[in-house]
Structure formats: C-alpha cells, structure tokens
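> Quick check, what structure comes out for this input:
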Amino acid sequence: MMNRKKVVVGMSGGVDSSVAAYLLKEAGYDVVGVTMQIWPRDAEEDMSAKGGCCGMSAAEDAARVAQTIGIPHYVMNFREEFREKVICYFMEEYLAGRTPNPCIACNRYVKWESLLHRSMQIGADYIATGHYARVEQLPNGRYAIRRSVTAAKDQTYALYNLTQEQLAHTRMPVGTYDKPAIRAIAEELGLMVAHKPDSQEICFVPDGDYAGFIEKNSTCPVPPPGNFVTADGQVLGRHKGITHYTIGQRKGLNLSMGHPVFVTKIRPETNEVVIGDAQDVFTDRLTCDHLNFMSIPDLRGEMRLTAKIRYNHAGAPAVVRRLDTDLAEVIFDEPVRAVTPGQAVVFYDGDYVAGGGTIR
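Reported below is the predicted structural model:
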C-alpha cells in the first residue's frame, strides 16, 4: 500500500479551514487538524466572548469539526511566537508612526514558519490552510501564490511574504471555490460552523480599538497628545496621540475646518499629525523595503506589474524599479490614495504574486 502524504491543517474553528481539512481528506491525504494557541491564557476567554478567532471557542469548534469528518485534532502552543512576531511588532510599528499589517506577519512567521517547522518534526509532508488562494509551481520552477477563483474573497495580498520552502510544502484547497460553495459543502456535511460569520477585525483586537490595546499592553511609553499641523507647520489643534491615526483618515479628527480634511503624514519625531486636503493624500510613487520575490527569482532593473497598496485595494498598473539590495521604487501610472508606511505593497504579474515589500 502506497504511503499517503501527511498534511497538517491549521484549523481556526471557521468554515474555510474546516472544509479545507475535509477536501484534503477526500483527496487522499493523511490529514491532521491543529489549532494554534496564540493568545495568553488569561485573555482567551475574553477573546472568545468578543468573537475573536484566538480564544477557547476556536479550538472547541475545530475539535468538533475534526470529530465529524473523522480526523485527529490537536492543540499546539504558539503563544510565544505570536507575542514576539505579531503583537510586539504591531505595537512597535504604531508607536513609530506606521500602520502595520499583523496578519501578514502572522502568516509568514507563525502560521507558516513555526507551524511548518513543528509539522515537519512530526512527519508531515505539508501544511494547509483555508485561505482563498492557490499554490502553483511555475514553468521556471518557482512556487507562487495565484489569485483565488473568487475576487470577492481573494487573500493573496496577505501571503506575498511566504518563502519558496514554505510554498513547496503548502496546500490551499479552498482557492478553487467561492464562499457560497464552501458553506454549501459544510452544510451538506452537517458541520456546525457552516454559517459561522467570518472574523472581520484583527483577531487580538476584536473591538477595533488599536490605540487602547497599545496603551494597555505596551511596555514602552505611549506617545502623549500632540499637535495637528499643516505641512508647513501651522498648528490646527490637538490630537489624542499618534497611535490613534493612520494615513488618509478623515473620521475622528474633531477639527472644524469648514471642509473635509485628512491625515497626510505622521511625524513621530515631533509627535505631530499632519493634516491636508483630499488631493494631498494622493501620490504616484512610493518606496518599499523588506522585499520578497515569489513568481520571479529577483528584480533587476524594472518591470511593469500591478501593485496593491492595501488588502481592499483593487491594484493599479505601475513600474517597479530596483534601487538597492533591499529597496525598490513603485511608480504608478495614475496617483493612488493613502499610501501608508508600514503597510505592504504587493506586486502581481497577471494572476500570480510576483513579490512585494513594506511601504517606507
């Protein structure tokens, strides 16, 4: 009898990862379900009560699904990795006046790096998730993430930072389905998570109060209130602290200017938040570092690609030009709104992720 390939499925207790586990079992894999414990014990119950995916209910839901579809299920402790690679990074970036994307850090360093390492230790050949994306090996031999068949749920933006080694050991069976089809499969199987709502917020800040979370959890001094200023330094009023703001923000400024105004820049060195008009939040270029290339082995010179500057950005045609070992410039055909330091810019070559970096 031929040995079946073993795959560890990261099961969050949601419908997507639940159906992913079922699809892989049906495809003939030896499937093991794993729920990752990532939140401190004293906060798990609170996370569950607020609807976060990090709490105890996630593991309980995943365990019930695993029993229903007939696979073993385990809980693994990744609390330290999550604290260091995601929570600390999240707080440090906001304190530095940038707007981080913790889901990208979690995917790269926890869901893949840490989970893959432990899975290989127990004899697994692959790990798998319920992301709406596809993994393919291209004619050039490289592995790449391909857009999901459904644009409405495509999650490739948050996966651009995965390495070739990680992709070679990854399965993403949900990427060839749309959400209604996944829910229909779950309903047909009688899974109790078939109509469970999707998580909408950052899992460890389910109430969306990022500044409050940082004030409560940071061991570093939190920036105090400071001045709203114009680009040339005119003081317009007082802000609550730079962790409360992001580029392009309009709501919550409490400035009576007689016309709409927006955050155009955050200056942590002077504790100032710069305010401007609508046109001031548009630019036709950015620079990025912490580069990672996926469908292409590297970027020498320049290349025309589509660039996404945030998760819900449709993407815009641009020229990506290498400036240094870990620095690239992106020049858009038309100005784009609210380029935000700390966020990812992801490059697409057709349906495939070519690479990406962190906006400077």
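> Count the residues that sit near residue 27.
A count of neighbours around residue 27, defined by other CB atoms under 10 Å, yields 13. For every residue, glycine as well, the C-beta is placed using N, CA and C.
> That one and residue 5: what is the separation?
Residue 27 is 10 Å from residue 5, where distance means CB to CB, to the nearest Å.
> go on, residue 210?
Taking CB to CB, one finds residue 210 at 41 Å from residue 5.
> Same question for residue 235.
In this view, residue 235 and residue 5 are 63 Å apart by CB to CB.
> Which of those two has more residues huddled nearby?
residue 5 (15 against 11).
> And the more buried one, what's its pLDDT?
Residue 5 is assigned a predicted lDDT (pLDDT) of 96.
> repeat for residue 204
Here, the pLDDT recorded for residue 204 equals 88.
> Could you do the one 3 residues further on as well?
The score at residue 207 is 87. That number is its pLDDT.
> name the element it belongs to?
Using DSSP states H and E, residue 207 sits in no helix or strand.
> what's the answer for the one 4 residues further on, then?
Counting by DSSP H and E, the element that carries residue 211 is helix 210-217.
> Which elements pack onto that helix?
helix 88-95 (3 or more CB pairs under 8 Å, 6 or more residues apart in numbering; DSSP states H and E).
> May I see the buried residues of the helix it packs on?
Within helix 88-95, the residues that count as buried by 16 or more other CB atoms under 10 Å are 88, 89, 90, 91, 93, 94, 95.
> likewise stretch 160-176?
Buried residues in stretch 160-176, counted by 16+ other CB under 10 Å: 160, 161, 162, 166, 167, 169, 170, 171, 172, 173, 174, 175.
> Farthest pair within the residues you listed?
Maximum pairwise distance among those (CB to CB): 21.3 Å, between 161 and 173.
> Would you map the strands across the stretch 251-360 of the chain?
262-267, 272-276, 282-293, 302-308, 316-324, 327-337, 344-349, 352-359 (DSSP state E, counting those that start in this stretch).
> Would you mind getting the angle between the second one and strand 262-267?
Counting by axes from the mean of the first three to the mean of the last three CA atoms, to 10 degrees, strand 272-276 points 150 degrees away from the direction of strand 262-267.
> Strand partners (parallel or antiparallel) of strand 272-276?
If you go by DSSP bridges, strand 272-276 pairs up with strand 226-229 (parallel), strand 262-267 (antiparallel).
> export the last one as PDB, just CAs?
Which is strand 262-267. Output of strand 262-267 as PDB, limited to C-alpha atoms (Å, rounded to 0.1, in the frame of the first residue of the first chain):
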ATOM      1  CA  PHE A 262      -7.400  64.100   6.100                       C
ATOM      2  CA  VAL A 263      -4.300  62.800   7.800                       C
ATOM      3  CA  THR A 264      -1.400  63.000   5.300                       C
ATOM      4  CA  LYS A 265       1.600  62.200   7.400                       C
ATOM      5  CA  ILE A 266       2.600  61.100  10.900                       C
ATOM      6  CA  ARG A 267       5.700  62.600  12.400                       C
END
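> which residues are contacting it?
97-98, 231, 242, 245-250, 253, 272-278, 280-281, 341 (CB atoms under 8 Å, 6 or more residues apart in numbering).
> now do 7 Å
Identification of contacts with strand 262-267 by CB atoms under 7 Å, 6 or more residues apart in numbering yields 97, 242, 245-250, 273-276, 278, 280-281.
> same question, the first one
Outside of strand 226-229, the residues that reach it under the criterion CB under 7 Å, 6+ apart are 235, 236, 237, 238, 239, 255, 271, 272, 273, 274, 275.
> for the helix holding residue 211, which positions count as buried?
Buried residues in helix 210-217 (16+ other CB under 10 Å): 210, 211, 213, 214, 217.
> Now do stretch 100-113: distance from first to last residue.
One end of stretch 100-113 to the other measures 19 Å (CA to CA, to the nearest Å).
> could you give me the average pLDDT of it?
Per-residue pLDDT over stretch 100-113 has a mean of 95.
> Check stretch 9-24 too.
The pLDDT scores in stretch 9-24 average 97.
> Please state the offset of that stretch from the chain centre?
18 Å (CA atoms, centre = their mean, to the nearest Å).
> ok, now stretch 8-28?
Centre-to-centre, stretch 8-28 and its host chain are 20 Å apart (CA atoms, centre = their mean).
> Check stretch 85-95 too.
Distance of stretch 85-95 from the chain centroid (CA atoms, centre = their mean) equals 14 Å.
> what sits up against that stretch?
The contact list for stretch 85-95 (CB under 7 Å, 6+ apart) reads 100, 102, 105-106, 109-110, 204, 210, 214, 217-218, 220, 223, 243, 342.
> Nearest to residue 330 among these?
For the contacts of stretch 85-95, the residue nearest residue 330 by CB to CB is residue 342; the value is 15.4 Å.
> so what's that closest one up against?
Contacts of residue 342 by CB under 7 Å, 6+ apart are 93, 98, 99, 100, 358, 359.
> one more time with 8 Å
By CB under 8 Å, 6+ apart, the residues touching residue 342 are 93, 98, 99, 100, 101, 358, 359.
> Out of the residues you listed, which comes closest to residue 304?
Using CB to CB, residue 359 comes nearest to residue 304 of the contacts of residue 342, at 19.3 Å.
> per-residue pLDDT, the closest one?
For residue 359, the predicted pLDDT is 98.
> got the contact list for the residue nearest the centre of the chain?
The centre of the chain sits closest to residue 103, judged by CA atoms, centre = their mean, with a distance of 2.9 Å. By CB under 8 Å, 6+ apart, residue 103 lies in contact with 158, 202.
> where are the low-confidence patches of the chain?
Applying pLDDT under 70 to the chain picks out residues 1-2, 40-56, 200.
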